[in-house]
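# What would the 3D arrangement of this be:
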Amino acid sequence: MQRKHVRAIVEFLIVGICTVAFALNAAGICATLLTDTYAGDRDFVTYWSSGHQLAQHANPYDRDAIFRLEHSAGSSVTLPPLIMRNPPSSLLLVLPLGFLGIRAASLLWTVLMIASLVLSVRMIAAMHGRSKSPLNYLAYTFAPVLSCLIAGQMALFVLLGLVLFLRLHATRPVLAGAALWLCALKPHLFLPFGVVLLAWVIVTRSYNVLLGAALAFGASAMAVAAMDPLVWSHYAQMMRAANLDTVFIPCLSTMFRLAVSPGSLWPQYLLAVLGCLWAFAYFRKHRDEWDWINHGSLLMLVSVVAAPYSWFMDQAILLPALLHALYQNRSRNMVAVLALLSAAIEIANFRGVPLRSSLFYPWTASAWLAWYLYAVHKSRLRDQSDPKSLDGGIAVPGNA
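Residues are numbered from 1 along each chain as shown. Below you'll find the predicted structure:
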């Protein structure tokens, strides 16, 4: 009886911590929407500026023009401009923002992000047959998701593309391929994933996936080129000037580069190369029973951990993998651990721990991977000891 009371108290404290963390971040989201103070300080401002440039048939990567637009939106003149580093094909997504003022564009962008999140979580739950699981609510309080909403980052659209591919690849391969256009908004997050995707297409002869991807990329490329015929040249010039080998981007690859050879660029990509080699070997081992939801979860986690560069908000695309593990695992302790990890990061976000200089954020992707591996391992041990056990979500309130 005493142990039961202690457990109840611990669970109450966990729920309280997670609720406070979520409330603080939710207040930050509301502040970005209801006031003009934060409009120019969000990452979203670079999408609005690039969209404005493209709508005027101007260079969407022009540093000086972007600086003037961001300053007019309220960004500090003491900070360097935020330049959109996404490839030119992604400009089609931000083009509509260029026809709106900063406030209206910010509201539209946030509504679209929330819609993408809700649709993604519902599809993930449906694919697992868990549409009514209380665990689905935990996805909406995942720390990288809230950071995306606060900053206005486009990772939630990438998440939607990934989930659409997972949902449609077996039944509507052309549409599944077209959904990869959204994944290509941040292609550096999908390098090992892309190696396996290409191998899977060849092995299973799912060439309609490539057809859908080609149609989507071709249409977007032509549309953007019609607005700025030199857009790829402008993009190349911008990337050369970005000097990514000297920029601190809080991810594992950057930490490796700084530890091995700070002035070289090759260490930044070594983990990605190793990740691609591992991914190909992993696919070869499981190709006869390959399942994009099951095997793809670990593949996606490794892809993000090994990415040559990534931001904390990009980890929102790990929701399919983490929910997959949550659905498999029946341990309240595992849910509590993930909830507390997320809550700790949310509190750090609210306290203003800087993304660009903190040594806290490079290890978060590795933490999700470690949690996933342990959760799946515990699930397998449970299933081996009790073959009749049923996988299921558990009704534990809190964070994820």
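# my read: Ala241 touches Arg63, true?
Yes - taking contacts as CB atoms under 8 Å, Ala241 lies within contact range of Arg63: 7.5 Å. No exception for glycine: its C-beta is placed from N, CA and C like everyone else's.
# more crowded one of these two?
Arg63 (14 against 10; other CB atoms under 10 Å).
# and the more buried one, what pLDDT?
pLDDT for Arg63: 87.
# wait, doesn't it sit right on Met238?
Yes - if you go by CB under 8 Å, Arg63 and Met238 touch, sitting 7.5 Å apart.
# which residues are in contact with both of those two?
Ile83 (CB atoms under 8 Å, 6 or more residues apart in numbering).
# Run through who's touching the helix or strand Ala272 falls within.
Secondary structure assignment for Ala272, by DSSP states H and E: helix 266-286. Contacts with helix 266-286, where a contact means CB under 8 Å, 6+ apart, come from 188, 191-193, 195-196, 199-200, 244-245, 252-254, 256-257, 260-261, 290, 295, 298-299, 302-303, 305-309.
# Make a PyMOL selection of the buried ones in the residues you listed.
Buried subset of the contacts of helix 266-286, written as a PyMOL selection, criterion 16 or more other CB atoms under 10 Å:
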select buried, resi 188+191+192+193+195+196+199+200+252+253+254+256+257+290+295+298+299+302+303+305+306+307+308+309
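# Show me the contacts of helix 266-286 that map onto helices.
Under the assignment DSSP state H, the contacts of helix 266-286 contribute 191-193, 195-196, 199-200, 252-254, 256-257, 260, 295, 298-299, 302-303, 305 to helices.
# any idea which helix or strand carries Ala126?
helix 102-127.
# who does that helix touch, helix- and strand-wise?
With contacts defined as 3 or more CB pairs under 8 Å, 6 or more residues apart in numbering; DSSP states H and E, helix 102-127 has these neighbours: helix 2-34, helix 44-55, helix 135-139, helix 143-151, helix 155-168, helix 319-328.
# 10 Å - rerun?
Judged by 3 or more CB pairs under 10 Å, 6 or more residues apart in numbering; DSSP states H and E, helix 102-127 is in contact with helix 2-34, helix 44-55, helix 63-72, helix 91-94, helix 135-139, helix 143-151, helix 155-168, helix 319-328.
# Now do the shared contacts for Ala241 and Arg63.
By the contact definition CB atoms under 10 Å, 6 or more residues apart in numbering, Ala241 and Arg63 are jointly contacted by Ile83.
# Report the residue spans of the stretch 1-150 of the chain with pLDDT below the cut-off.
Residues of the stretch 1-150 of the chain meeting the criterion pLDDT under 70: 1-41, 74, 76-79.
# neighbours of Phe280, just the number please.
15.
# how much space between the closest residue to Val203 other than its chain neighbours and Ala306?
In space, Val203 comes closest to Arg287 once its chain neighbours are excluded; the distance is 5.7 Å by CB to CB, 6 or more residues apart in numbering. To Ala306, Arg287 is 21 Å away according to CB to CB, to the nearest Å.
# quick one: contacts for Arg287?
196, 199-200, 203-204, 295.
# And Asn59, by the same measure?
Per CB under 10 Å, 6+ apart, neighbours of Asn59: 50, 53, 65-66, 228, 230-231, 233-235, 237-238.
# next one: Ile317
Contacts of Ile317 (CB under 10 Å, 6+ apart): 120, 144-145, 148, 155-163, 183, 186, 189-190, 300, 303-304, 310.
# hang on, the earlier thing: so how do I select the buried members of the contacts of Asn59 in ChimeraX?
Burial among those is assessed by 16+ other CB under 10 Å; the matching ChimeraX selection reads:
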select :50,53,65,66,228,231,234,235,238
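# Now tabulate the contacts of Asn59 in TSV and tack on distance to Arg172.
Listed next are the contacts of Asn59 as TSV, based on distance: CB to CB, whole Å:
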residue	distance to Arg172
Ser50	31
Gln53	35
Ala65	41
Ile66	38
Asp228	32
Leu230	36
Val231	30
Ser233	36
His234	35
Tyr235	31
Gln237	38
Met238	36
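# thinking again about what came up before, looking at the contacts of Arg287, which is nearest Ser342?
Closest approach to Ser342 among the contacts of Arg287 (CB to CB): His295, at 24.7 Å.
# Low-confidence ranges, the stretch 301-400 of the chain, go.
Using pLDDT under 70, the flagged stretches of the stretch 301-400 of the chain are 330, 348-359, 383-400.
# how about the helices in it?
319-328, 332-350, 364-385 (DSSP state H, counting those that start in this stretch).
# can you tell which of these is closest to Leu107?
Going by CB to CB, the one of the helices of the stretch 301-400 of the chain nearest Leu107 is helix 332-350, 21.7 Å.
# helices or strands up against that closest one?
Packing partners of helix 332-350 (3+ CB pairs under 10 Å, 6+ apart): helix 2-34, helix 135-139, helix 143-151, helix 319-328, helix 364-385.
# what do you get if the cut-off is 7 Å, keeping everything else the same?
If you count contacts as 3 or more CB pairs under 7 Å, 6 or more residues apart in numbering; DSSP states H and E, helix 332-350 packs onto helix 2-34, helix 143-151, helix 364-385.
# and the angle from it to helix 319-328?
Orientation check (axes from the mean of the first three to the mean of the last three CA atoms, to 10 degrees): helix 332-350 against helix 319-328 gives 150 degrees.
# can you pull the buried residues of stretch 368-386?
Neighbour-count burial for stretch 368-386 flags 368-369, 371-372, 375-376, 378-379, 382 (criterion: 16+ other CB under 10 Å).
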